[in-house]
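Undergrad: give the three-dimensional model of this entry:
(chains A and B)
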Protein chains: 2
Amino acid sequence: MSGLRFDVVTGFQTGHNMAADHKKPQILATEVVAQSQLFKIESLDLRFSNGVERTYERMKPSGRHAVLVVPVTADGDILLIREYAAGTERYELGFPKGLIDAGESAHEAANRELKEEIGFGAHQLQPLKEVVLAPSYFSSRMTLFLAQDLYPEQLEGDEPEPLEIVRWPLSQAEELLTHLDFAEARSITALFLALKHLAK
Amino acid sequence: MSGLRFDVVTGFQTGHNMAADHKKPQILATEVVAQSQLFKIESLDLRFSNGVERTYERMKPSGRHAVLVVPVTADGDILLIREYAAGTERYELGFPKGLIDAGESAHEAANRELKEEIGFGAHQLQPLKEVVLAPSYFSSRMTLFLAQDLYPEQLEGDEPEPLEIVRWPLSQAEELLTHLDFAEARSITALFLALKHLAK
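TA: Got it, this is the predicted structure:
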């Protein structure tokens, strides 16, 4: 390490207060610079605490957060869905997920998405962690859940074609990682956290 | 499971050919509907194999992929950086990362980002997995690496303020998960995969 440019902090020593010294950049101005039906792009004039000014772009925060759920059956299977993704133009394997509706709690949204996407509700929903996605550009947060004690209940979703459900033995869960179409970082994170929780 | 709407497949039985039956939707038309300095939003008219037509929006694929690197020192420490994220308006803890430049391989980009962001190169770079980020909206892929056998070398980055480097004992790696600012799904996925690889 050069020691010239960096303030090296040992996380272990300073623990949870590590971030306390940071003075956030000041937001001098924001402006919507492009807009489509789904997306709103905002420019952000920032002044960092060292005086440097920069203009950044980001998705304008919508305030709507999301949930993602790892459902585990009584038989010890994980339930996944395979769905077409327009971004990558391929079918991606992952866990049920979706935005939290107005007036819904994260728990309620998790249970609704389960019912819509895999035809089950869950008597037991364990929050695992709140994660972010490319935080430089997006404000949205997603709460990851483990769902157990499932019961059949189907709610109507809005998918253009039926979702394919994939049942996978929990005992072979880590082999999912070798699948090229199980590649979404949020689903992989949720799988690891669910396995960790179940191993307790 | 209702059995009415869904084609349930047992992943374990069908293994790697699971996705073979999917007929992708046809892309009828694409159009750039909004554009800023950094982002280009595209609408996509799709016809699914069951005849249903829908218009989706996504970030227009740039073709530029990214890398993210978990650096582990000879002393058994993980090196992280803490950087301001305009999306979440807070300092986020994560691993060095960045886009692959034109003409660069993923390995070269990983080593360059290490040098720019933490002042080390790596003699040993192990690819862990290629992940995607919100594949419904983004095409971009990111290769996750484990970096070992580090050597000091600093390249100039383009950050508005010096990056803070956080050194964390590998033996306490899972405790990072309790940190609210270690919340980026790609960094968490990379940490789990690195730990799994190192445990071999």
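Undergrad: from one end of stretch A:174-182 to the other, what's the distance?
TA: By CA to CA, to the nearest Å, the extent of stretch A:174-182 from end to end equals 11 Å.
Undergrad: chain center to that stretch, what's the gap?
TA: Centre-to-centre, stretch A:174-182 and its host chain are 18 Å apart (CA atoms, centre = their mean, to the nearest Å).
Undergrad: buried set for the top helix by length along chain A?
TA: Assignment by DSSP state H gives helix A:185-199 as the longest helix of chain A. Judged by neighbour count (16 or more other CB atoms under 10 Å in any protein chain shown), helix A:185-199 contains these buried residues: A:185-195. Bear in mind the C-beta positions are built from the backbone N, C-alpha and C, glycine included.
Undergrad: tell me, what residue is most central in chain A?
TA: The centroid of chain A falls nearest to A:Met142 when counting by CA atoms, centre = their mean (4.0 Å).
Undergrad: let me see the ranges of the helices in chain A.
TA: Ranges of helices in chain A, per DSSP H, are A:11-14, A:106-118, A:185-199.
Undergrad: using CSV, please lay out those together with distance to A:Val52 and mean pLDDT.
TA: CSV is the format used below for the helices of chain A (distance: least, CB to CB, whole Å; pLDDT from 0 to 100):
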stretch, distance to A:Val52, mean pLDDT
helix A:11-14, 25, 37
helix A:106-118, 37, 97
helix A:185-199, 30, 96
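Undergrad: quick one: closest of these to A:Glu31.
TA: For these, proximity to A:Glu31 was assessed by CB to CB; helix A:185-199 is nearest, at 29.8 Å.
Undergrad: quick one on the thing from earlier: the residue nearest to the centre of chain A: what's it in contact with?
TA: With contacts defined as CB atoms under 8 Å, 6 or more residues apart in numbering or on different chains, A:Met142 is in contact with A:65-68, A:97, A:130-133, A:186, B:185.
Undergrad: separation between it and A:Ser36?
TA: 22 Å (CB to CB, to the nearest Å).
Undergrad: out of the buried residues of helix A:185-199, which comes closest to B:Asp181?
TA: If you rank those by distance to B:Asp181 using CB to CB, A:Thr189 comes first, at 15.3 Å.
Undergrad: wait, doesn't the closest one sit right on B:Ala185?
TA: Yes - taking contacts as CB atoms under 8 Å, A:Thr189 lies within contact range of B:Ala185: 4.6 Å.
Undergrad: spit out the residues that contact the two alike.
TA: Contact criterion CB under 8 Å, 6+ apart; residues shared by A:Thr189 and B:Ala185: A:Val131.
Undergrad: flag the shaky bits of chain A, pLDDT-wise.
TA: For chain A, residues meeting the criterion pLDDT under 70 lie at A:1-21.
Undergrad: now do the domain split for it, please.
TA: By the assignment in automatic domain parsing, chain A contains the domains A:11-59, A:66-199.
Undergrad: nearest to B:Pro25, of the ones you listed?
TA: When the domains of chain A are compared by CB to CB, domain A:66-199 sits nearest B:Pro25, at 5.9 Å.
Undergrad: between the two ends of that closest one, what distance do you get?
TA: End-to-end distance of domain A:66-199 (CA to CA): 26 Å.
Undergrad: how far does it sit from the chain's center?
TA: Here domain A:66-199 is found 9 Å from its chain centre; the criterion is CA atoms, centre = their mean.
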